[in-house]
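Enquirer: following is a predicted model, sequence given first.
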Amino acid sequence: MQTLLRVFYPPQCLTCQELVEVEAALCGACWRDTAFINGATCSKCGVPLPGEIEEDARVTLHCDDCMRVARPWGRGAAAFLYTGNGRRLVMALKHGDRTELAKPAAGWMAQRVPALPADTVIVPVPLHWLRYVKRRYNQAALLARAVARETGCTYLPDALLRPHATKPLDGHTREARFATLQDAIRPHPKRGLALAGRQVLLVDDVMTSGATLAAATEAALQAGADHVDVLVLARVAKDV
């Protein structure tokens, strides 16, 4: 049956629908146009850094932004840069109802984090309910659930909440983003208790200034989390 299905519905590229050899894959052209991150990276935000230093979990490197801006989380990582085909993949997941992209995306994301402690819980950045009703799903939650499956960690979908709707942050300065998101994310009064004493991996689709992840980290720490790291699908970055 599987062979018959492949005859009539052969695997297609996730982005351009060109034929590929396996399911949930990118064709060669789309792969080359996706700026996957590897090598030396900032240990706080995952942005690529210049140089030939081989990636090593024991090495701590910081980009200029992370040396200027205090990050409340521990380590941060991203699968690819928010440019070219990477941006198209994020937009398709976030606004194009391409929810099936979460599974391959989680595979790329999981490769960017070292082996996680057994007690790690995977928590998505929450979405305000009005935006959830409009979009019908939280793309961060889809990614977090898929990452939990990839890593074998516990998935906690509603440990954090967003009680107030915030205005879109596109085009805002770093300072405006942080001001808008101050106290915008809080631990759930009941389900947030599950974070106490735990290792937390926060998951989101994109990191720009880091304001959203900072607010979510502060909420997790307020709930008693022992340690918080962050993982995103794409990182907005200056030319590197």
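Expert: Received, thanks. Numbering: from 1, shown residues only.
Enquirer: from here on, contacts and neighbour counts on C-alpha atoms
Expert: OK.
Enquirer: and residue 141, what does it touch?
Expert: Contacts here follow C-alpha atoms under 8 Å, 6 or more residues apart in numbering; on that basis residue 141 touches 123, 124, 125, 126, 157, 203, 204.
Enquirer: where do the strands of this protein begin and end?
Expert: Ranges of strands in the chain, per DSSP state E, are 76-81, 120-124, 154-155, 160-161, 186-187, 199-207, 227-235.
Enquirer: kindly reformat these as TSV containing mean neighbour count, distance to residue 42 and mean pLDDT.
Expert: Below are these laid out as TSV (neighbours: other C-alpha atoms under 10 Å; distance: least, C-alpha to C-alpha, whole Å; pLDDT from 0 to 100):
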stretch	mean neighbour count	distance to residue 42	mean pLDDT
strand 76-81	27	8	98
strand 120-124	26	21	98
strand 154-155	19	26	98
strand 160-161	25	26	97
strand 186-187	24	27	96
strand 199-207	25	13	98
strand 227-235	26	11	98
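Enquirer: which one of the ones you listed lies nearest to residue 98?
Expert: strand 199-207 (13.4 Å; C-alpha to C-alpha).
Enquirer: tell me what that closest one is packed against?
Expert: Applying 3 or more C-alpha pairs under 8 Å, 6 or more residues apart in numbering; DSSP states H and E, we find strand 199-207 packed against strand 120-124, helix 139-151, helix 211-222, strand 227-235.
Enquirer: partners of that strand, with directions?
Expert: Based on DSSP bridges, the pairing partners of strand 199-207 within the sheet are strand 120-124 (parallel), strand 227-235 (parallel).
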